[in-house]
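S.K.: Requesting a structural model of the entry that follows:
(chains A, B, C and D, ligands or ions: 2)
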Number of protein chains: 2
Amino acid sequence: MQFSKSTDYALHALIHLGHSERCNNVGIKELSGALGVSESYLSKIMSKLRQDGIVRAVPGVKGGYELARPADQITFLDVIQVIEGRQQLFECSNSSSRQHLLLAEEGAAQGDQERPGKNECLVEKVMNGAEQHLYQYLREHTVQSILNEAFKRCKHEANKK
Amino acid sequence: MQFSKSTDYALHALIHLGHSERCNNVGIKELSGALGVSESYLSKIMSKLRQDGIVRAVPGVKGGYELARPADQITFLDVIQVIEGRQQLFECSNSSSRQHLLLAEEGAAQGDQERPGKNECLVEKVMNGAEQHLYQYLREHTVQSILNEAFKRCKHEANKK
DNA sequence: CTTATTATGGATAACATAGGTCTACAATAA
DNA sequence: TTATTGTAGACCTATGTTATCCATAATAAG
Ligand code: SF4
Ligand code: SF4
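M.R.: Ligands and ions are numbered 1, 2, ... in the order given. As a prediction, this is how the structure comes out:
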């Protein structure tokens, strides 16, 4: 249960992009150099981000990448879901077992759907709840919020001198 | 980013154990049958749970497994950490990159530890925060709480008849 | 004490995924 | 037109997951 390195790379790349929005396009070479990752691998990750509308890419001389929308509208959750996929944290793998009957069907199957959707499995309910908590937190943090904090630190440092 | 099937099995096994605490020991055969998982594989998972003090095991005739502590003291987090390990959700993999300098060291390295521990990286800060949120939720749900809810459902069903 | 029963730990293997490289190709700004 | 830059796919390797089998150790019942 860990985020993959790709997610790490993607986040850092986006922060770099957000940080240098003045000059419009950032090439893969600059990104690769800044992050210390090979161009070939990083370009794969950037392609994924492009396909999901997080960044725009323009080929050709002086081409490169830029954020497709304002940095405060790119959440950590967005990035993670692009790279890690959108499967849920917990997916039941033995719903045909005897166990299942005790936990999920008890009050639902016989009462011919009095309250539809209420027959959720108890284990899944907990796990989906956990997932939603995690996601909510990740939705509240954006690329911009990282940039802001970095700027604050920098300013604070300058004042001290 | 998904929990493994082993975690799924472990949770279900513990719920089964909690559910049949009357008769002291539950053998691997009964568990395996109830969950629909092979004995050999499930026993590996049970061993792990034993090594971490979640269950007790006794070999020999009429042996088997039982919970090592009350079901309300076995949290989802406990189980998940035993099976999935205790690495953190996010582990930085390129702290020697140029990026790193912008985000983590800015105000910390030069001020010879005025506030120790405050020089945390901004990306990690968000991710560790997310992890803590997730863990807090998982700490609040125990094997017992599942059992309770299952019982409540059952009773509610009986009343309806 | 003997024995049938039960859990344990190691070896092994199929399979999937992550992490990474390379190359031919497409797009485009100069 | 062309040099530059991103795209897409094939390909490879290492690692982790899921799973099985077997020899061994422990123990409760007889
Ligand atoms: S109780 Fe829930 S998690 Fe368990 S087998 Fe049924 S659906 Fe799956
Ligand atoms: S900024 Fe944080 S996540 Fe990024 S390289 Fe430095 S320590 Fe790692």
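S.K.: can you tell me which residues contact residue A:37?
M.R.: A:9, B:94 (C-beta atoms under 8 Å, 6 or more residues apart in numbering or on different chains). All C-beta atoms are positioned from the backbone trio N, CA, C, and that covers glycine.
S.K.: and it, how far is that from residue A:134?
M.R.: Applying C-beta to C-beta, to the nearest Å, the value for residue A:37 to residue A:134 is 26 Å.
S.K.: Then residue A:57?
M.R.: Distance from residue A:57 to residue A:134, by C-beta to C-beta: 30 Å.
S.K.: what's the answer for residue A:3, then?
M.R.: Where residue A:134 is concerned, residue A:3 sits at a distance of 11 Å (C-beta to C-beta).
S.K.: now residue A:67
M.R.: The value you get for residue A:67 to residue A:134, if C-beta to C-beta is used, is 24 Å.
S.K.: Give me the below-cutoff pLDDT ranges for chain A.
M.R.: For chain A, residues meeting the criterion pLDDT under 70 lie at A:104-119, A:155, A:157-158, A:160-161.
S.K.: for chain A, what spans make up the helices?
M.R.: A:5-19, A:28-35, A:39-51, A:76-84, A:98-100, A:122-139, A:143-160 (DSSP state H).
S.K.: right, so these: which one is the most enclosed?
M.R.: Scoring the helices of chain A by mean neighbour count under mean count of other C-beta atoms under 10 Å in any protein chain shown gives helix A:5-19 as the most buried, with a mean of 22.
S.K.: CA atoms only: put it into PDB for me.
M.R.: This file holds the C-alpha atoms of helix A:5-19, laid out as PDB (Å, rounded to 0.1, in the frame of the first residue of the first chain):
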ATOM      1  CA  LYS A   5       7.200   6.600  -7.800                       C
ATOM      2  CA  SER A   6       5.400   7.800 -10.900                       C
ATOM      3  CA  THR A   7       3.000   9.700  -8.700                       C
ATOM      4  CA  ASP A   8       6.000  11.300  -6.900                       C
ATOM      5  CA  TYR A   9       7.500  12.300 -10.300                       C
ATOM      6  CA  ALA A  10       4.200  13.700 -11.600                       C
ATOM      7  CA  LEU A  11       3.600  15.800  -8.500                       C
ATOM      8  CA  HIS A  12       7.100  17.300  -8.700                       C
ATOM      9  CA  ALA A  13       6.800  17.900 -12.400                       C
ATOM     10  CA  LEU A  14       3.600  19.800 -11.900                       C
ATOM     11  CA  ILE A  15       5.100  21.900  -9.100                       C
ATOM     12  CA  HIS A  16       8.000  22.700 -11.400                       C
ATOM     13  CA  LEU A  17       5.500  23.700 -14.100                       C
ATOM     14  CA  GLY A  18       3.500  25.800 -11.700                       C
ATOM     15  CA  HIS A  19       6.700  27.500 -10.500                       C
END
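S.K.: what's the angle from that helix to helix A:76-84?
M.R.: 130 degrees (axes from the mean of the first three to the mean of the last three C-alpha atoms, to 10 degrees).
S.K.: and helix A:5-19 with DNA strand D, contact?
M.R.: No: Helix A:5-19 lies out of reach of DNA strand D by C-beta under 7 Å from any atom of the strand, never closer than 11.0 Å.
S.K.: could you give the angle of that helix to helix B:122-139?
M.R.: 130 degrees.
S.K.: Kindly calculate the angle that helix A:5-19 makes with helix A:143-160.
M.R.: 60 degrees.
S.K.: and the gap between the residue lying closest to residue A:63 once chain neighbours are set aside and DNA strand C?
M.R.: Distances taken as C-beta to C-beta, 6 or more residues apart in numbering or on different chains place residue A:25 nearest to residue A:63, at 5.8 Å, with adjacent residues excluded. Here the criterion is C-beta to the nearest atom of the strand, to the nearest Å. By it, residue A:25 lies 9 Å from DNA strand C.
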